[in-house]
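Engineer: prediction below, plus the sequence it came from.
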Amino acid sequence: IEAAGAKVISRSRNQREREDGMQYLSQLLAASLEMKFTKGDRARPEFTDWMGDDRKLLGDSPDAVYHTAEISGNHSYEVTGHRGDAEFLSVMLYGRGINGWNRAAVNINSDNIRFDGNGNFRVVISADKPEDSTDWLTLEKDIHMVMVRQYFHGRPGKTEAEFTIRNLDAGKYVRPTEAGLAARLREATHFFNDSLAGTLALADMLHAAPNSNSPPKSYNQDFGGIFYPTQDNQYLGTWFSLKPDEALIIEGEAPDVDYWSISLQNRWLQSLDYEN
């Protein structure tokens, strides 16, 4: 944490960025510990709301809700719940690439999920396909995380989806060992460090070519694994620089998709205050 603070201070151009950066580190630390340590038991997984408690990280959006749970290729799971008022909902599995970053493995979204008449759904995550017609995601050995995304056309007044995850192979509960807890703490540390490093690197790439929506020349898809890519979305971004008498104007053709948005982010890839 001390090393991360030093990086934030060295990259900040003014007092506001330093203050935002320190707040960002506290939020990233809270998310890292909750996801990887407190709820990091893959035999008894629980979902972490990434942006819960006003946390913002890795390019959040006011219209989006992200939940993740730590899982393992050694078990089988089911995700059950109700879609609420979400206009778009997806369940995505992530594995590990050769470079250790996240590999977008397999995905199912609200165009394909079979909801009942009340909006309930069930998705099985396992190595072997269920014998019935239940929605299914293939669980390969390198899979380490499941992410549920929700998008809203304006969140105020909307009901978020509710869902839980259950290990279908769970037997009698076994308390984690000291070595197991240490491993989870190391995973929290890796997530914290990787997320910070990715945030700094992407901001540097964008800063090098401001006022352009073309991908930075130094960007590659492998690096994008730090930001948990999905097969459903396309992300574009730029660093913009304005003089006191200038304004930012974004023009283009609205895409024919379920959801799209424009979001302003600060230096640490956090959305600005929603009311502003």
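Structural biologist: Cool, the structure landed.
Engineer: going forward, measure contacts and count neighbours with C-alpha atoms only.
Structural biologist: Will do.
Engineer: show me where the stretch 1-150 of the chain has strands.
Structural biologist: 48-49, 64-70, 77-82, 88-96, 102-109, 120-126, 135-138, 145-151 (DSSP state E, counting those that start in this stretch).
Engineer: partners of the longest one in the sheet?
Structural biologist: Just to be clear, that refers to strand 88-96. strand 102-109 (antiparallel), strand 145-151 (antiparallel) (DSSP bridges).
Engineer: relative to Thr134, how far out is Ser263?
Structural biologist: According to CA to CA, to the nearest Å, Ser263 and Thr134 sit 36 Å apart.
Engineer: repeat that for Val106.
Structural biologist: 16 Å.
Engineer: try Gly225
Structural biologist: In terms of CA to CA, Gly225 sits 29 Å off from Thr134.
Engineer: the two: which is more packed in?
Structural biologist: Between Gly225 and Thr134, counting by other CA atoms under 10 Å, Gly225 is the more crowded of the two (21 against 14).
Engineer: ok, the more buried one touching Arg103?
Structural biologist: Yes: Gly225 lies in contact with Arg103 (CA atoms under 8 Å); the separation is 6.2 Å.
Engineer: low-confidence ranges, this protein, go.
Structural biologist: 218-223, 274-276 (pLDDT under 70).
Engineer: one more pass at 90, please.
Structural biologist: Within the chain, the set of residues satisfying pLDDT under 90 comprises 53-54, 96-103, 131-133, 153-156, 170-176, 202-242, 248-252, 255, 257-263, 272-276.
Engineer: and the helices in it?
Structural biologist: 2-11, 15-32, 178-207, 221-224 (DSSP state H).
Engineer: which of those sits closest to Asn118?
Structural biologist: helix 15-32 (32.1 Å; CA to CA).
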